[in-house]
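Asker: any chance you can model this:
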Amino acid sequence: SNSMINTRSIIRLSILALLFTASGVFSQVDKNGGSIYSLFGLGDLSYSSGNRTDAMGIMGIALYGDYTNSNNPAAWTRIPTTIFTTKFNLENIKSTDGLNTSKRTYGNFEGFDLSIPLNKGNGWIFNLGVNNYSVVNYDAYFDGTVDGESYRQTYSGNGGLYKFNLGFSYIIFKQFSFGAQFNYAFGNINKSVAIDFSNTSLFDTKNVSSNTISGFYFNTGLIYHGFGKLFRNKKLDNLTLGAFVTTPTEFNSDLNGRFNRSVSSTDSVSISEGKLKMPIAFGVGIANTFNNKLVVAADVYYQKWDDFKYYGTHPVEIKNSLKIGAGIEYTASKKIEDPFLSRISYRFGGSYIQDYLKLNGESINAVSIGAGVSLPIGSYNSLDLYAKYFMRGKDSNGLIKDDIFRFGASVKIGELWFLRPSDEF
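Answerer: Numbering: from 1, shown residues only. As a prediction, this is how the structure comes out:
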């Protein structure tokens, strides 16, 4: 359905956010329809590190394997072959304020990664990719009257940020994996406000602006995998403890607007240029593998959004964020000669998120539960699928409740490229 939520509570939220960030584009304002919460800040933030970790409800901060983790580069050191991964998702979202309901379905390209082992024995892995950072995607309206004339006021937004990432990993002191990653965030956040009168003799208005944002930041991570030797217990050989940090930085912002000056004329104007002060973020995680079949992992991620400033001002609706996740993965066999069904990986997990938004005096929180499979195609290729359910917000106190069903797909293509002879781990 392409219906939009018809509720004044949403518009009160919209007006608040538009005081801090104006943005938009003419050609797409009638084609959006994600969560209204993406109106605030930089939009809906991505916590995804990869399809594998998405299915498990975690960020994979301490999780090794033959996958690319786009957040903690220290997790790359056991990638056995050159792998190329690309990710997609399809979302169905139902939003309600308790009286009115909106439903939408739309798809997203989430990004890609290329990881190349230069020296497996030393965990020397090179990686580059482009991944989603945030998404802005909403439509909302309300109908009213003024001086006996009826009108519809529409708020729309689209866009978001991507990040280009370039990094490497390396094993140090035989028991630590170290990784560093350079990131360049870029994109446009677009928003629009329109008033359309039923009386065609009255002048309709549309104000649109686009915020072009870009900036550099760094991730660095560390994973310890020496518990077996430390405690002289082989049962702890697969136990890992990981951590990573994202540096605080400043993004550049260039805000431009377009507005109707008359029935036949539209003006364009450069509103301002400024800085976005981005806060530090860090996470810790733990993982273990039992009998070479069952993986259990959990992690916690925190970002200090209280330090965020938009053009020198901290938006009142932005606060610190927290994500907690835990999940499992079961693979009966990893031997290529074994039957296909026994080589399928099954994943399950859940998460709790305290979002970086506080509206009407309440924190916007979310819970999720998900499951997925990895279907092997040969030795190093796979098709990874998952389904996840999110519940965010509430339908009281002037807020919105989102029920989100997300279906994700990832294609991983692996080859034995660029490998030098080396010792085992």
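
Asker: name the residues of stretch 214-230 that are buried.
Answerer: 215, 217, 219-227 (16 or more other C-beta atoms under 10 Å). To be clear about C-beta, it is placed using only N, CA and C from the backbone, and glycine gets the same treatment.

Asker: now, which of these sits nearest residue 304?
Answerer: Nearest to residue 304 among the buried residues of stretch 214-230, counting by C-beta to C-beta, is residue 217 at 13.7 Å.

Asker: give me the beta-bridge partners of the closest one?
Answerer: residue 183 (DSSP bridges).

Asker: ok, it touching residue 249?
Answerer: Yes: contact criterion C-beta atoms under 8 Å: residue 217 and residue 249 qualify, at 4.2 Å.

Asker: okay, and the common contacts of the two?
Answerer: residue 278 (C-beta atoms under 8 Å, 6 or more residues apart in numbering).

Asker: where does the stretch 151-300 of the chain dip in pLDDT?
Answerer: For the stretch 151-300 of the chain, applying pLDDT under 70 flags the ranges 260-270.

Asker: turn the buried residues of stretch 214-230 into JSON lines, including secondary structure and distance to residue 162.
Answerer: Formatted as JSON lines, the buried residues of stretch 214-230 follow (DSSP: H, G, I helix; E, B strand; the rest coil; distance: C-beta to C-beta, whole Å):
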{"residue": "215", "secondary structure": "strand", "distance to residue 162": "12"}
{"residue": "217", "secondary structure": "strand", "distance to residue 162": "13"}
{"residue": "219", "secondary structure": "strand", "distance to residue 162": "15"}
{"residue": "220", "secondary structure": "strand", "distance to residue 162": "21"}
{"residue": "221", "secondary structure": "strand", "distance to residue 162": "21"}
{"residue": "222", "secondary structure": "strand", "distance to residue 162": "26"}
{"residue": "223", "secondary structure": "strand", "distance to residue 162": "26"}
{"residue": "224", "secondary structure": "strand", "distance to residue 162": "32"}
{"residue": "225", "secondary structure": "coil", "distance to residue 162": "32"}
{"residue": "226", "secondary structure": "coil", "distance to residue 162": "36"}
{"residue": "227", "secondary structure": "helix", "distance to residue 162": "37"}
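
Asker: need the contact list for residue 329.
Answerer: With contacts defined as C-beta under 8 Å, 6+ apart, the neighbours of residue 329 are 52, 56, 294-295, 297, 345-347.

Asker: just the buried residues out of those, in PyMOL syntax.
Answerer: In PyMOL, this line selects whichever of those come out buried by 16+ other C-beta under 10 Å:
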select buried, resi 52+56+295+297+345+347
